[in-house]
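Enquirer: coordinates for the following, if possible.
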Amino acid sequence: MSNLLKAKSWVPEEKAAATASDEQNDKIKKVRELLGSQMTAEMPSFLSDATIRRFLRARNWSTEQATKALKETVKWRRQYRPDTIRWEDIPGREHEARRIYIADYFDKNGRIVFISNPTIKSKSSTKDQIKQLVYNLEIFAMHSENMEDECTVWLTDFQGWVLTNTPLPLLRECTHIIQNHYPGLISVAILSNPPRIFESFWKIVCCFIEPKLKEKVKFVYTNNPESHKIVADMFDLDKLESAFGGRNTLPFDMDKYAERMKRSDQMRGAPMHANGYSCSTQT
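Expert: This is a model prediction of the structure:
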């Protein structure tokens, strides 16, 4: 045992990290070979090293499983065209953005903070709600290009939640999209103040959530000291919304949010019509 410990301690951390990086790069190269030059040339922006690494990480670094998942996602992207969705394409965006939106701050680890308020009733169809989620996921994916690990913290305010606030078919479809087409983006999912009735609903949800994603879920309660410490360790409380135990009580500013989303669209390079509107194929 002592020889084993010596052998482990002899390897410098820098060398170990370099070896891990080399192994990851070899796997990325292998996935590119399995995908084929035609597919990688078709979607060069999507099939970046960062995207392939993300799929590999989500599939336990299996090149075969990551390649299969990427091929399925490429097929879905051909049909859905998520990269063409812009802020102007979101139906009822002035209302829907108050239900789910990207915060104007990061957590202490530099991760995107995504806020959802299911108690606010949507005025959009299921199809349009999914479209809005995909639009946000595209922004997360763009941010993930510069991140080694998962890049998003998802906060959900369940204060006052009832069963009809979250239709199960919609949740199932959204979960499928996140797990299959945008894996490796969610770092932590915080469910804040869920009522007791949510426990039964959660048991059903767990049936179609992958174990890896389930492990990222944390239940927190704003009147619980332990929960407050979890939140305080992750966020600047002056920026965090009061619904999650922070001190930020400022109202949601739709004008500023719209401008931020338009800048994100420009950064993503989502195409536009000549009249200034998106050329998204989704309606």
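Enquirer: rest of the way, CA atoms for contacts and neighbours
Expert: Noted.
Enquirer: so, low pLDDT: which residues of the stretch 151-283 of the chain?
Expert: 272-283 (pLDDT under 70).
Enquirer: the same query, at a cut-off of 80, please.
Expert: The stretch 151-283 of the chain contains residues with pLDDT under 80 at 270-283.
Enquirer: all the helices of it, in order from the start?
Expert: Applying DSSP state H, counting those that start in this stretch to the stretch 151-283 of the chain gives helices spanning 168-181, 198-205, 211-215, 225-234, 254-268.
Enquirer: for the stretch 1-150 of the chain, same thing?
Expert: Under DSSP H, counting those that start in this stretch, the stretch 1-150 of the chain gives helices at 2-10, 13-35, 37-42, 49-58, 63-80, 93-96, 126-144.
Enquirer: tell me which of those sits most buried.
Expert: Most buried of those by mean neighbour count (mean count of other C-alpha atoms under 10 Å) is helix 49-58; its value is a mean of 22.
Enquirer: coming back round to it: can I get the helices of the stretch 151-283 of the chain in a markdown table with mean neighbour count?
Expert: Converted to a markdown table, these look like this (neighbours: other C-alpha atoms under 10 Å):
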| stretch | mean neighbour count |
| --- | --- |
| helix 168-181 | 16 |
| helix 198-205 | 12 |
| helix 211-215 | 13 |
| helix 225-234 | 14 |
| helix 254-268 | 15 |
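Enquirer: got those helices as CSV, with distance to residue 106 columns?
Expert: Compiled in CSV, these are given as follows (distance: least, C-alpha to C-alpha, whole Å):
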stretch, distance to residue 106
helix 168-181, 21
helix 198-205, 27
helix 211-215, 21
helix 225-234, 10
helix 254-268, 14
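Enquirer: who wins for proximity to residue 74 among the ones you listed?
Expert: When the helices of the stretch 151-283 of the chain are compared by C-alpha to C-alpha, helix 168-181 sits nearest residue 74, at 8.7 Å.
Enquirer: tell me what angle the closest one forms with helix 49-58.
Expert: With axes from the mean of the first three to the mean of the last three C-alpha atoms, to 10 degrees defining the directions, helix 168-181 sits at 110 degrees from helix 49-58.
Enquirer: show residues contacting helix 168-181.
Expert: Helix 168-181 has contacts (C-alpha atoms under 8 Å, 6 or more residues apart in numbering) with 69, 70, 73, 126, 130, 133, 137, 205, 208, 209, 210.
Enquirer: hmm, back to that, who wins for proximity to residue 118 among the helices of the stretch 1-150 of the chain?
Expert: helix 93-96 (10.5 Å).
Enquirer: averaged pLDDT, the closest one. What do you get?
Expert: The average pLDDT for helix 93-96 rounds to 95.
Enquirer: look up how far residue 208 lies from residue 249.
Expert: 35 Å (C-alpha to C-alpha, to the nearest Å).
Enquirer: same check, this time on residue 225
Expert: Distance of residue 225 to residue 208, computed by C-alpha to C-alpha: 31 Å.
Enquirer: try residue 175
Expert: The gap separating residue 175 from residue 208 is 8 Å, by C-alpha to C-alpha.
Enquirer: the spatially closest residue to residue 51 that is not a sequence neighbour: neighbour count?
Expert: Leaving out its chain neighbours, the residue that sits closest to residue 51 by C-alpha to C-alpha, 6 or more residues apart in numbering is residue 145, at 7.2 Å. Residue 145 has 16 neighbours, counted by other C-alpha atoms under 10 Å.
Enquirer: my read is that residue 145 contacts residue 54, right?
Expert: No - if you go by C-alpha atoms under 8 Å, residue 145 and residue 54 don't touch, sitting 9.3 Å apart.
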